[in-house]
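S.K.: only geometry, no sequence info:
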């Protein structure tokens, strides 16, 4: 079940894999006359782009966390459940097209950091990481600053688990 868009040279298709997840397929050339590096197809799932963008955003030192209030609250509960782990894509939304991707990030920055400078650093790092790792062109990185982390605020994960030990 895939929609194919033919192009000359390298072609790109939008497809769904067996689990129904959307992704982008970069079509290579076929046959022995094509260089080995471009024989066959490469599929990049939306979740892969979201993980790359989440990791790249977290690499910026002024970023305290990703996600809005509710997403962080659910993430904190999920992190306390054994095997729940942390979700690297929390606060990250992506739209992946045939050759391009758009990224939306919800961030929490550290107090004292310049919002404009931090947003620019995040954009540059996300674009470099996504384009470098997937070959997709990132057309935009939209950033919503949901909160500022103050130095004296306790972390949700550092607080006690309740009244009973």
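M.R.: Everything's here; your move. Computed from a predicted structure; not experimentally measured.

S.K.: all helices for this protein, in order.
M.R.: 46-58, 69-80, 115-134 (DSSP state H).

S.K.: as JSON lines, those helices with mean pLDDT would be great.
M.R.: Formatted as JSON lines, those follow (pLDDT from 0 to 100):
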{"stretch": "helix 46-58", "mean pLDDT": "97"}
{"stretch": "helix 69-80", "mean pLDDT": "52"}
{"stretch": "helix 115-134", "mean pLDDT": "98"}
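
S.K.: let me have these in CSV, extended by mean neighbour count and distance to residue 153.
M.R.: Using the backbone N, CA and C atoms, a C-beta is placed for each residue, glycine as well. What follows is the helices of the chain, written out as CSV (neighbours: other C-beta atoms under 10 Å; distance: least, C-beta to C-beta, whole Å):
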stretch, mean neighbour count, distance to residue 153
helix 46-58, 21, 18
helix 69-80, 14, 12
helix 115-134, 17, 18
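
S.K.: out of these, nearest to residue 95?
M.R.: Checking the helices of the chain against residue 95 by C-beta to C-beta gives helix 46-58 as the closest, at 8.0 Å.

S.K.: so which elements touch that closest one?
M.R.: Applying 3 or more C-beta pairs under 8 Å, 6 or more residues apart in numbering; DSSP states H and E, one finds that helix 46-58 makes contact with strand 22-27, strand 63-66, strand 92-96, strand 100-110, helix 115-134.

S.K.: save the helices of the chain as TSV, and put in distance to residue 142 too.
M.R.: TSV is the format used below for the helices of the chain (distance: least, C-beta to C-beta, whole Å):
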stretch	distance to residue 142
helix 46-58	11
helix 69-80	16
helix 115-134	9
